[in-house]
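K.L.:
below are the sequence and a predicted model; questions follow.
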Amino acid sequence: MIPYGKQDINQTDIDAVINVLKSDYLTQGPKVPEFEQAISQYVGAVHAVAVNSATSALHIACLALNIGEGDIVWTSPITFVASANCALYCGAKIDFVDIDPITGNMCPKALAQKLKIALKEGQLPKVVIPVHMAGHSCDMQAINQLLTPYNIHIIEDASHAIGGQYQQTPIGQCQYSDITIFSFHPVKIITSAEGGMATTNDQNLADSMRLLRSHGITKQPEKMLRSNEGDWYYEQHQLGMNYRMTDLNAALGLSQLVRVDEFVAQRNRLAQAYHSCLNGLAIEHVSPLSDSYSARHLHIIRLGNASKRRMIFDAMRAAGIQVHVHYFPVHLQPYYLNLGFKAGDFKQAEQFYEQILTLPLYPELTTAQLEYICATLKGLLE
């Protein structure tokens, strides 16, 4: 089976993990701050906070921005459920902004319309979470310009997008946001096996997230009420979680980061090959903005005849090609239906879901495999 996504692990990665296994620190050692510093430098953000998953990063990002009961958070309906769940973890209400089907991302026009209604109803959100779907950056300048007059915070869910750029600026620099979130799950651009990272240029947000990821505990004397105890002493200042990244994960992430540009370049070459190979078929490629450079986490196409999607999906799986669908709209998940959402609430997202198919894309995908995927799809479409 040709998988839809796959990690690329080399001997250097393996050696990096083994070196940590042989060291004195498997966790809470030097590798996590090294990884944070490397990510911070790579994206150009002042701070980076490593955690055990992007889901955890989204959660502590919301908490750091003081999201709680009575607050409202908006995100995209076309995303993994974690982008919305993070608000609910904090006791806030969640709502969605419809998408632009060309990019699969939050639509600035839909956001503008929703803001007008929310302003009249006194229901403005405290935070908006645009999702860089498939590694394609949202139009962050437009989103920022719409939200800034209302002092609405922005968390970029860039789980798909490390190595990508927007307006020739690395995604994660937080030029138009308070916090950016990355994922290092095995199918993402680089992996730490499991892991996530939050970047920010705000010292207070960084300090808060560091506290929240480790039980709300500090050992910094200048922040303690009883700073004259001993070296054994620590204080809990917030109700935090155990969201720490281990040194094993950080070592793998550090090693992988060396190749991130290589991975993204290869993903873009493969995406271009898909465009060339599938030219002339009744499909549309979900594509990035013209002023961005996509990390190309996923290659998603929209089928001209949506009624054939299930047949094509099953036939390609039977042919040994693990096509996928990203994603079922969050607001139609049973849990969210129970919150009051319903079919028809976000029509572009729902239509998008009915049309889309994800084709395999990862650095080790060979030319022969890509041509086989394209030939199989062509046969089914014709």
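P.N.:
Structure received.

K.L.:
which residues in the stretch 201-350 of the chain form helices?
P.N.:
With helices called from DSSP state H, counting those that start in this stretch, the stretch 201-350 of the chain shows them at 203-212, 247-257, 260-277, 309-318, 334-337, 347-355.

K.L.:
what's the closest of the ones you listed to residue 76?
P.N.:
With C-beta to C-beta, the closest approach to residue 76 among those belongs to helix 347-355: 7.6 Å. (C-beta placed from N, C-alpha, C; glycine too.)

K.L.:
what's the angle between that closest one and helix 309-318?
P.N.:
For helix 347-355 against helix 309-318, the angle by axes from the mean of the first three to the mean of the last three C-alpha atoms, to 10 degrees is 40 degrees.

K.L.:
return helix 347-355 as PDB; C-alpha atoms alone will do.
P.N.:
C-alpha atoms of helix 347-355 as PDB (Å, rounded to 0.1, in the frame of the first residue of the first chain):
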ATOM      1  CA  LYS A 347     -22.200  25.500   3.000                       C
ATOM      2  CA  GLN A 348     -18.800  26.000   1.400                       C
ATOM      3  CA  ALA A 349     -17.100  23.600   3.800                       C
ATOM      4  CA  GLU A 350     -19.800  21.000   3.400                       C
ATOM      5  CA  GLN A 351     -19.600  21.200  -0.400                       C
ATOM      6  CA  PHE A 352     -15.800  21.100  -0.200                       C
ATOM      7  CA  TYR A 353     -15.900  17.900   1.900                       C
ATOM      8  CA  GLU A 354     -18.200  16.200  -0.700                       C
ATOM      9  CA  GLN A 355     -15.700  16.900  -3.500                       C
END
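
K.L.:
which ones are touching residue 58?
P.N.:
By C-beta atoms under 8 Å, 6 or more residues apart in numbering, the contact set of residue 58 is 82, 83, 85, 86, 129, 155, 157, 181, 196.

K.L.:
quick one: residue 312 from residue 303, how far?
P.N.:
7 Å (C-beta to C-beta, to the nearest Å).

K.L.:
which neighbours do these two share?
P.N.:
357, 381.

K.L.:
most centrally placed residue in the chain?
P.N.:
Nearest to the mean C-alpha position of the chain, by C-alpha atoms, centre = their mean, lies residue 159 at 1.7 Å.

K.L.:
walk me through the domains of the chain.
P.N.:
11-257, 260-381 (automatic domain parsing).

K.L.:
among those domains, which is nearest residue 5?
P.N.:
domain 11-257 (3.4 Å).

K.L.:
burial of residue 190, as a residue count?
P.N.:
Neighbours of residue 190 under the rule other C-beta atoms under 10 Å: 28.

K.L.:
isn't residue 172 right up against residue 39?
P.N.:
Yes: with contacts counted by C-beta atoms under 8 Å, residue 172 reaches residue 39, the gap being 7.4 Å.

K.L.:
those two - which one has more neighbours?
P.N.:
Relative neighbour count places residue 172 above the other of residue 172 and residue 39, with 30 against 26, counting by other C-beta under 10 Å.

K.L.:
make sure residue 88 is actually in contact with residue 94.
P.N.:
Yes: if you go by C-beta under 8 Å, residue 88 and residue 94 touch, sitting 5.9 Å apart.

K.L.:
neighbour count: these two, which is higher?
P.N.:
Per other C-beta under 10 Å, whichever of residue 88 and residue 94 has more neighbours is residue 94, with 21 against 17.

K.L.:
tell me, what's touching residue 172 and residue 39 both at once?
P.N.:
The contact lists of residue 172 and residue 39 share 45, 182, 199, where a contact means C-beta under 8 Å, 6+ apart.

K.L.:
do you know the pLDDT at the nearest residue to residue 119 once chain neighbours are set aside?
P.N.:
In space, and not counting its chain neighbours, residue 119 is closest to residue 150: 7.5 Å by C-beta to C-beta, 6 or more residues apart in numbering. pLDDT for residue 150: 98.

K.L.:
still on that earlier bit, which ones among the shared contacts of residue 172 and residue 39 lie within helices?
P.N.:
Using DSSP state H, no member of the shared contacts of residue 172 and residue 39 sits in helices.

K.L.:
what residues are up against the residue nearest to the centre of the chain?
P.N.:
Contacts of residue 159 by C-beta under 8 Å, 6+ apart are 54, 80, 131, 132, 181, 182, 183, 185, 188, 196.

K.L.:
Serialize those residues to CSV and add fields for distance to residue 319 and neighbour count.
P.N.:
Shown next, in CSV, are these (distance: C-beta to C-beta, whole Å; neighbours: other C-beta atoms under 10 Å):
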residue, distance to residue 319, neighbour count
54, 32, 28
80, 27, 19
131, 31, 28
132, 31, 33
181, 36, 31
182, 33, 31
183, 29, 28
185, 26, 20
188, 26, 25
196, 34, 29
